[in-house]
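Engineer: Here you go, sequence then predicted model.
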Amino acid sequence: MIVRRPSEERGRANHGWLDSRHTFSFADYHDPAHMGFRALRVINEDRVQPAQGFGTHGHRDMEIISYVLEGELAHKDSMGTGSVIKPGDVQRMSAGTGVLHSEMNPSPTQPAHFFQIWLLPAKRGIKPDYEQKRFEDAEKRGRLRLVASPDGRDGSISVNQDADLYSGLFKTGESAHLDLRPGRHAWVQVASGDVTLNGESLSAGDGAAVSDEAALDLTARSDAEVLVFDLA
């Protein structure tokens, strides 16, 4: 079963410096029918204006992944981490017992466009942690490349949850296949372009909840970038 979450039905918050689309309930956007999917709690597609960003604020007991599509984000946190996140990078911050951080667009001219993703952790009260890795386009071209997993296998970043995250870049007509183990679920988020997922058409901004399917078959109908979550 595949249930499409159309891009145009997402929540929206436009603060001037930030234009955000909320796949699931977040902040002032509340929809009881869209509170998350399995361990996946937040997918925000954020566009941050130049030299603007999220000032220092706190989180607890959440796995937070940043996936940049365009531009850059400058990250600082109370663990002493400082980094710049660019397209191709995947950042994970485990908030655990509590962490303060900021995410700013360092460019004076170019907007930043990224996904802010939250996963509920398998354990609460862990020590805060940070990890960032780069995955070149060639690794994701025409395939689904594992970029996050519970055990950090295949060079992926590690997450404190039974969830695998894949990223793929596809030219028109390219396809990818992903088997799903019995009892697993998936969420597919289209970052750009148009794809077909098991016969269902999806376009940029669309998501899809997948249950009771043995596999995912993706085919690009235009150049596309896709994220796939394999969830318990």
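Structural biologist: That came through fine.
Engineer: taking the mean pLDDT, what do you get for stretch 67-85?
Structural biologist: The average pLDDT within stretch 67-85 is 94.
Engineer: my bad, should have said stretch 133-144
Structural biologist: Mean per-residue pLDDT for stretch 133-144: 97.
Engineer: mind checking the end-to-end distance for that stretch?
Structural biologist: Counting by CA to CA, to the nearest Å, you get 16 Å between the two ends of stretch 133-144.
Engineer: Stretch 202-216 now?
Structural biologist: 13 Å.
Engineer: who's in contact with that stretch?
Structural biologist: Residues outside stretch 202-216 that contact it (CB atoms under 8 Å, 6 or more residues apart in numbering) are 1-8, 10, 21, 23, 37, 43, 45, 176-180, 185-198, 200, 224, 228. For glycine as for every other residue, the C-beta is placed from the backbone atoms N, C-alpha and C.
Engineer: quick one: contacts for residue 91?
Structural biologist: Going by CB under 8 Å, 6+ apart, residue 91 touches 65, 66, 67, 75, 83, 85, 130, 131, 132, 157.
Engineer: From those residues, list just the buried residues.
Structural biologist: Among these, those scoring as buried are 65, 66, 67, 75, 85, 130, 131, 132, 157 (criterion: 16 or more other CB atoms under 10 Å).
Engineer: Inside strands: which ones of those?
Structural biologist: Using DSSP state E, the members of the buried ones among the contacts of residue 91 that fall within strands are 65, 66, 67, 75, 85, 130, 131, 132, 157.
Engineer: Export those residues to CSV and append columns for distance to residue 49.
Structural biologist: Below are these laid out as CSV (distance: CB to CB, whole Å):
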residue, distance to residue 49
65, 22
66, 17
67, 19
75, 18
85, 17
130, 25
131, 28
132, 23
157, 28
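Engineer: hey, what's residue 219 bridged with?
Structural biologist: Note on residue 219: beta-bridge partners by DSSP bridges are residue 175, residue 196.
Engineer: Quick check: it touching residue 195?
Structural biologist: Yes: between residue 219 and residue 195 there is a contact under CB atoms under 8 Å: 6.4 Å.
Engineer: which one of these two has more residues nearby?
Structural biologist: Neighbours per residue (other CB atoms under 10 Å) separate residue 219 from residue 195, with residue 195 holding more: 27 against 18.
Engineer: Please, which helix or strand holds residue 12?
Structural biologist: Assigned by DSSP states H and E, residue 12 belongs to strand 11-14.
Engineer: Mind listing what's buried along that strand?
Structural biologist: By 16+ other CB under 10 Å, the buried positions in strand 11-14 come out as residue 11.
Engineer: tell me the average confidence for it?
Structural biologist: Mean pLDDT, computed over strand 11-14, is 97.
Engineer: which among the buried ones among the contacts of residue 91 gets closest to residue 169?
Structural biologist: Closest approach to residue 169 among those (CB to CB): residue 67, at 12.6 Å.
Engineer: Can you tell me how far the closest one is from residue 113?
Structural biologist: In this view, residue 67 and residue 113 are 10 Å apart by CB to CB, to the nearest Å.
Engineer: next one: residue 126
Structural biologist: In this view, residue 126 and residue 113 are 30 Å apart by CB to CB.
Engineer: go on, residue 57?
Structural biologist: 21 Å.
Engineer: For the two, indicate the residue with more neighbours.
Structural biologist: residue 113 (19 against 10).
Engineer: check contacts around the more buried one.
Structural biologist: 45, 46, 47, 48, 68, 69, 70, 71.
Engineer: number of nearby residues for the nearest residue to the fifth one once chain neighbours are set aside?
Structural biologist: Read it as residue 68. Spatial nearest neighbour of residue 68, excluding adjacent residues (CB to CB, 6 or more residues apart in numbering): residue 114 at 4.4 Å. Using other CB under 10 Å, the number of residues around residue 114 comes to 25.
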